[in-house]
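Here you go, sequence then predicted model.
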Amino acid sequence: MTDQKAPHPIGPREGEGVSAAAGPEGDDGGGVADRVDTGATGGPGGPDPEPERGHHKPDEKYDVEDEDDNDSAVGSDKDSVGAPPSAFSTGLSVDEQDDDSGVADVHRPSSSVSATSSIYEFREEFGRTYHSYHEGAYFFPNDIPEQERLDLQHSIAHRLFGKLALAPIDRPKRVIDLGTGTGIWAIEFATENPTSEVLGTDLSPIQPEYVPPNCHFEIDDGEDEWVFSHPFDYVHARFMCGGFRDFPRVFRSAFENMVPGGWIEFQDYYVKMQCVDDSLRGTALERWNDLLLDAVSRTGKSGLAAARFREQMLDAGFVDVVEKKFALPGNAWPKGRKQKMLGTMQMMNIMDGLHGISMGLFTKMLGWNEQEVEELIAQVSRDLRDKRIHFYYIVMSVYGRKPLA
Ligand SMILES: C[S@@+](CC[C@H](N)C(=O)[O-])C[C@H]1O[C@@H](n2cnc3c(N)ncnc32)[C@H](O)[C@@H]1O
């Protein structure tokens, strides 16, 4: 990995521009589940912890005080030590007053798969396009529908976290965003921090051409050796559990390429769906989620990788490592305006991603044919809109600091 490469000459995507940052809706830290560790306490990692099912009575542990409370969708887990789902209080409660059919309204924008305008020859399959640099390393498409989904996902993350970065950074000079996707995080970070130099790297050249002058993009594989001429003050990566196989290696590369006192932050889904009661059990949605985790693990990656970031950062030498967990509802089932909005956005996110996420993985890793995948997708789409299924994801931010000496 190097910063010697020229920026890739890619034109802007249709409708692409520098997006305004979605402002935080609630507080930006209250009720967050925090854990701080010094390097001295870091131990070797074990296997991915098996999450407990989230079968709790909504009216007990998960109820919120104020139905329209717009605080961030986080729970506190002061007593938790281990897998993120254990003893995790979500702050979500079922909306018992919701008396409609139980099926959430969906107004999907009609989008069509469009050909790439890149100088790169993207691989085409299933009516989608896929990256060609280090071809096959990443299973999700890179076409316009996927890019639109990534931008929606960015808005969700911004609303959920309340800000772009949770690490206590202060105008970092050199910033890198690994697996930057459409570059939306990097562009917004560069806009908010005009004194920072922000570099976004990715396997796919899907970033816009017109960006702030302090923001640049390169095509690069974050798992390759890093060869940079200057160290970074802040290393950021988001939603890379489907991208990186070897997170410890990436953390070591980051450590070696950071200034003393610099911060690293990785934000990711814990991909195993959680539920506040039994309503997920036996659904096509649960089956799809289990199959997805299986398929991802067969690629040598892990949808549960985020659960180990903390210990892996400590092993790499970082200190003051903090793990924060946020509950993201899967549709508009919970009480409260903010939760309903987040849930609706997340439902759209999964709907829009269902085909791209499932088709490559299920056919290549699980041996399914396309028809079988389409049939499951149709069932999952129905479940996704069903507000009687009280499911949510845990989304995590883990950050730490390189020691001063
Ligand atoms: C789920 S997207 C996340 C994009 C972006 N971080 C965000 O949050 O909007 C994952 C991105 O990582 C990229 N990617 C996957 N594996 C990678 C690797 N080994 N090195 C660099 N980028 C990678 C993919 O091309 C894709 O754009």
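Cool, got the structure. On a predicted model such as this, the values are computed, not experimentally measured, just so you know. Numbers count the residues shown, from 1 in each chain.

check contacts around Val259.
Val259 makes contact with Pro231, Phe232, Asp233, Lys402, according to Cβ atoms under 8 Å, 6 or more residues apart in numbering. (Glycine included, C-beta is placed from N, CA and C.)

Do whichever strand or helix holds it and the ligand come into contact?
Using DSSP states H and E, Val259 sits in strand 258-275. No - judged by Cβ under 6 Å from any ligand atom, strand 258-275 stays clear of the ligand, getting no closer than 7.6 Å.

now the helices for this protein?
Secondary structure of the chain (DSSP state H): helices at 144-161, 184-192, 247-256, 284-298, 309-316, 337-365, 370-384.

follow-up on the earlier one: tell me which of the contacts of Val259 is nearest to the ligand?
Among the contacts of Val259, Phe232 lies closest to the ligand (Cβ to the nearest ligand atom), at 15.4 Å.

That closest one touches Pro260, doesn't it?
No - Phe232 lies out of contact with Pro260 (Cβ atoms under 8 Å); the separation is 11.7 Å.

Need the nearest residue in space to the residue of the stretch 201-350 of the chain found nearest the ligand, chain neighbours excluded.
The ligand sits closest to Gly243 of the stretch 201-350 of the chain, with a gap of 2.9 Å, by Cβ to the nearest ligand atom. Nearest residue to Gly243 in three dimensions, chain neighbours excluded: Gly179, at 4.9 Å (Cβ to Cβ, 6 or more residues apart in numbering).

Check Tyr393 too.
Leu328 (4.6 Å).

ok, that neighbour - contacts?
Leu328 neighbours (Cβ under 8 Å, 6+ apart): Ala73, Ile156, Leu160, Leu342, Gly343, Gln346, Tyr392, Tyr393, Ile394, Val395.

In space, not sequence, find me the middle residue of the protein.
Central residue of the chain (Cα atoms, centre = their mean): Phe239, 3.0 Å from the mean position.

re earlier: unless I'm mixing things up, the residue nearest to Gly243 is touching Met240, no?
Yes - contact criterion Cβ under 8 Å: Gly179 and Met240 qualify, at 4.7 Å.

so what sits against both of the two?
Gly222.

Let me have the contacts of Val259 in TSV, extended by neighbour count, pLDDT and distance to the ligand.
Shown next, in TSV, are the contacts of Val259 (neighbours: other Cβ atoms under 10 Å; pLDDT from 0 to 100; distance: Cβ to the nearest ligand atom, whole Å):
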residue	neighbour count	pLDDT	distance to the ligand
Pro231	17	98	19
Phe232	24	98	15
Asp233	21	98	19
Lys402	25	98	21
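
Now for Glu209, how many residues are close by?
Counted with other Cβ atoms under 10 Å, residues neighbouring Glu209 total 13.

Show the pLDDT at the residue nearest to Gly243.
At Gly179, the model reports a pLDDT of 98.

can you check Gly82 too?
38.

Point out the residues in this protein that sit beside the ligand.
131, 137-138, 150, 153-154, 179-181, 184-185, 201-204, 221-223, 238-240, 242-244.

wouldn't Asn257 be in contact with Ser229 here?
No - using Cβ under 8 Å, Asn257 makes no contact with Ser229, being 10.1 Å away.

ok, those two, which is more surrounded?
Neighbours were counted for Asn257 and for Ser229 using other Cβ under 10 Å; Asn257 has more, 20 against 7.

so who does that one touch?
Contacts of Asn257 (Cβ under 8 Å, 6+ apart): Trp226, Phe228, Pro231, Phe232, Val235.

What is the nearest of these to Pro213?
Within those, the smallest distance to Pro213 is 18.7 Å, found for Phe232 (Cβ to Cβ).

Would you enumerate the residues in contact with the closest one?
Pro172, Arg174, Val175, Ile176, Ala254, Asn257, Met258, Val259, Gly262 are the contacts of Phe232 under Cβ under 8 Å, 6+ apart.

List the beta-bridge partners for it.
Met258 (DSSP bridges).

How about the one 4 residues further on?
Taking DSSP bridges, one obtains Asp177, Glu265 as the residues bridged to His236.

show me the contacts for it.
Taking Cβ under 8 Å, 6+ apart as the test, what His236 contacts is Ala165, Val175, Ile176, Asp177, Leu178, Trp185, Phe189, Ile264, Glu265, Phe266, Gln267.

still on that earlier bit, and the buried ones among the residues of the chain next to the ligand, selectable in PyMOL?
Command for PyMOL that selects the buried part of the residues of the chain next to the ligand, burial taken from 16 or more other Cβ atoms under 10 Å:
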select buried, resi 131+138+150+153+154+179+180+181+184+185+201+202+203+204+221+222+223+238+239+240+242+243+244
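
Include mean pLDDT when you put the helices of the chain into a markdown table, please.
Shown next, in a markdown table, are those (pLDDT from 0 to 100):
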| stretch | mean pLDDT |
| --- | --- |
| helix 144-161 | 97 |
| helix 184-192 | 98 |
| helix 247-256 | 98 |
| helix 284-298 | 98 |
| helix 309-316 | 98 |
| helix 337-365 | 97 |
| helix 370-384 | 98 |
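
Which residues are in contact with Pro168?
Counting by Cβ under 8 Å, 6+ apart, Pro168 has contacts Trp263.
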